[in-house]
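Enquirer: my questions concern the predicted model and sequence given below.
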Amino acid sequence: MKKNLHSRVSLFWATALGVLGLIITPAIALGAAKATVSVTPGNITADISVVLSGYTSKDSTPIKIACLGLSSSTPVFTDMAVQTGTNKYASTCTGLAGGTSYKYEVSSGTEVFPLVTGTFKTLDFGTTGGTITAKASVTTTQTSASFTITLSGAGASGFASQIKVVCFDEKGVATIPAADNASLAGTNVYGTKCTQLAPSTAKSASTYTYAISSIDGTSFSPITGSFTTAIGATVGEETYRIGSGPTVNPLGDGTFSVSVGVLITKPVIGLAYSVRLGYPINGTDCTFDSKFPTTFAVPSNNGPTEFSAVQTWIIPAGTYCIGVMHDISLSNKTQTYGIKSLPGGTFTASNTVTPNTGTPAEENAYGCVSTGTDSYCMLAPLPGIGELDANGKPTGKINVRTGVGAYLNGIIRLILGLIGVLSVFMIVVGGIEYMSTVSIGEK
């Protein structure tokens, strides 16, 4: 009995030690791994490489790399490293500033190795990377300015930042939209443009200033300057004419579809034009109604001498006029507010039907004349149904679009009247038969 008890206790402890060994052995193996970190700083980036030693697993392990300011706990950059070989990992911290000190943190998501920290400093183009000189040239059109920025000097080939170009109007307000970051156009050459600028005129020049700088602020000295846009057409010099239409089509529900195309000569490039609909007043003027929708058409920057704007409306019956309107402002420079009514742009949308002149309409005996598919003449007028003549007598003419309901109501009233008359007649006949019957049994 004692021997069996002793065997059971031994088996228990052996099992417990085995399970404990399974738990402790991987932990000892995990803690044995070591991470060696190397950093290669750039001007606004830092390449970080990690090599693991003492890690025998065939599976990769997640490694997190973060770059922080020396006095900050919020990472400027953080990402999971990419495995580049057996127990080798790498990542690049981006969005850094030139000539600035940072610290890095390398950690394992599965605690394969202890946290590794260190510091590094990004390169400064003005010192370590060599000096950079930036030169800019500007080419203008009526509404835009194109910039070409050329970098030279010992550090030009290693330039890794971005170039920002901003244009300002005469009041020092940045144009909308301001130029985007310049894009690489060649070896050490970058380009971008400011758009939607106001054109110069023969009497007034549109002058703008610009500022060019590197985003990291340390690559090269900022460049400033000014330019004047090219002379172009101005508000008030445009001419307008009807190119197509107005085309009026009835929709069958009392409304009409109207389409018109307008040709605009000598448009101001970048200015938005719209075809508008309104009502004629005083026989010549036109007042435009904002309830009729409109879309704006903008001439392209290649400077067309003439372009077309097309508009379509759904309108009720009436008399209308067509004109052209352009927007009020262009790149912070107020222009003359222009609304012009077009010759030949007045038209009438009407439900009036013109009789078929090829086959003369025939008149019935009651003076009814069918003038088209919208009307119908009965063979003889019925009381309460159809139109009346000048003397108030029915003609038997029915408007098939609007008078069908009245026609049906009249027929129903007529039938009910006939039923009433027939009922009275049958009662009278029944009374006469009753009085003339001799047999008492039949009464």
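Expert: Ah, there it is. Small disclaimer: the values here were computed from a predicted structure and weren't measured.
Enquirer: may I see the buried residues of the top helix by length along the chain?
Expert: Counting residues, the longest helix found in the chain (DSSP state H) is helix 404-436. Buried residues in helix 404-436, defined by neighbour count with 16 or more other CB atoms under 10 Å: 407, 410. To be clear about C-beta, it is placed using only N, CA and C from the backbone, and glycine gets the same treatment.
Enquirer: packing partners of it?
Expert: Applying 3 or more CB pairs under 8 Å, 6 or more residues apart in numbering; DSSP states H and E, one finds that helix 404-436 contacts strand 397-399.
Enquirer: and the strand it packs on, what's its mean pLDDT?
Expert: Taken as a whole, strand 397-399 carries a mean pLDDT of 72.
Enquirer: same check, this time on stretch 49-64
Expert: 84.
Enquirer: also stretch 122-140?
Expert: Per-residue scores along stretch 122-140 average to 73.
Enquirer: which SS state does K203 fall under?
Expert: coil (DSSP: H, G, I helix; E, B strand; the rest coil).
Enquirer: count of residues packed around T117?
Expert: When neighbours are defined as other CB atoms under 10 Å, T117 has 13 of them.
Enquirer: pull the contacting residues for it.
Expert: Residues near T117 by CB atoms under 8 Å, 6 or more residues apart in numbering: 103-106.
Enquirer: which one of the residues you listed sits closest to I419?
Expert: If you rank those by distance to I419 using CB to CB, E105 comes first, at 100.8 Å.
Enquirer: helices or strands up against the helix or strand hosting that closest one?
Expert: Element membership of E105, judged by DSSP states H and E, is strand 101-108. Other elements packing on strand 101-108 under the criterion 3+ CB pairs under 8 Å, 6+ apart are strand 34-41, strand 46-53, strand 63-69, strand 116-121.
Enquirer: keeping just the C-alphas, turn the shortest one into PDB.
Expert: It stands for strand 116-121. Output of strand 116-121 as PDB, limited to C-alpha atoms (Å, rounded to 0.1, in the frame of the first residue of the first chain):
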ATOM      1  CA  VAL A 116      16.100  48.800 -27.500                       C
ATOM      2  CA  THR A 117      16.500  52.600 -27.500                       C
ATOM      3  CA  GLY A 118      19.000  55.100 -28.800                       C
ATOM      4  CA  THR A 119      19.400  58.500 -30.400                       C
ATOM      5  CA  PHE A 120      20.400  59.900 -33.800                       C
ATOM      6  CA  LYS A 121      20.500  63.200 -35.700                       C
END
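Enquirer: direction included, what does it pair up with?
Expert: According to DSSP bridges, strand 116-121 forms sheet pairs with strand 101-108 (antiparallel).
Enquirer: give the rounded mean pLDDT of the partner strand.
Expert: Averaging the model's pLDDT scores along strand 101-108 yields 92.
Enquirer: about what we covered before: in the strand holding E105, what's buried?
Expert: Neighbour counts over strand 101-108 (16+ other CB under 10 Å) mark 102-108 as buried.
Enquirer: what of stretch 58-71?
Expert: For stretch 58-71, by 16+ other CB under 10 Å, it's 61, 63-68.
Enquirer: can you check stretch 269-277 too?
Expert: By neighbour count with 16+ other CB under 10 Å, stretch 269-277 contains the buried residues 269-277.
Enquirer: just the residues you listed: which has the poorest pLDDT?
Expert: By pLDDT, G270 ranks lowest within those, coming in at 67.
Enquirer: which residues does A145 contact?
Expert: 138-139, 167, 193-194, 197, 208, 210, 227, 229.
Enquirer: where do the helices of this protein begin and end?
Expert: Assigned by DSSP H, the helices in the chain fall at 2-31, 404-436.
Enquirer: by mean pLDDT, show me the worst of those.
Expert: helix 2-31 (a mean of 47).
Enquirer: so T247 sits against F256, correct?
Expert: No: applying CB atoms under 8 Å, one finds T247 not in contact with F256, separated by 9.9 Å.
Enquirer: before we move on, the earlier item: run the chain-centre distance for the longest helix of the chain.
Expert: A distance of 69 Å separates the centroid of the chain from that of helix 404-436, by CA atoms, centre = their mean, to the nearest Å.
Enquirer: what about S257, how many neighbours?
Expert: 14.
Enquirer: returning to that earlier point: and of the buried residues of stretch 269-277, the nearest to F307?
Expert: Y273 (8.4 Å).
Enquirer: how about the closest one: what's its closest non-neighbour residue?
Expert: H326 (5.0 Å; CB to CB, 6 or more residues apart in numbering).
Enquirer: which one of the helices and strands packed on strand 101-108 is the most hemmed in?
Expert: Ranked by mean neighbour count, these are led by strand 63-69 with a mean of 21 (mean count of other CB atoms under 10 Å).
Enquirer: packing partners of it?
Expert: Counting contacts by 3+ CB pairs under 8 Å, 6+ apart, strand 63-69 packs against strand 46-53, strand 75-80, strand 88-93, strand 101-108.
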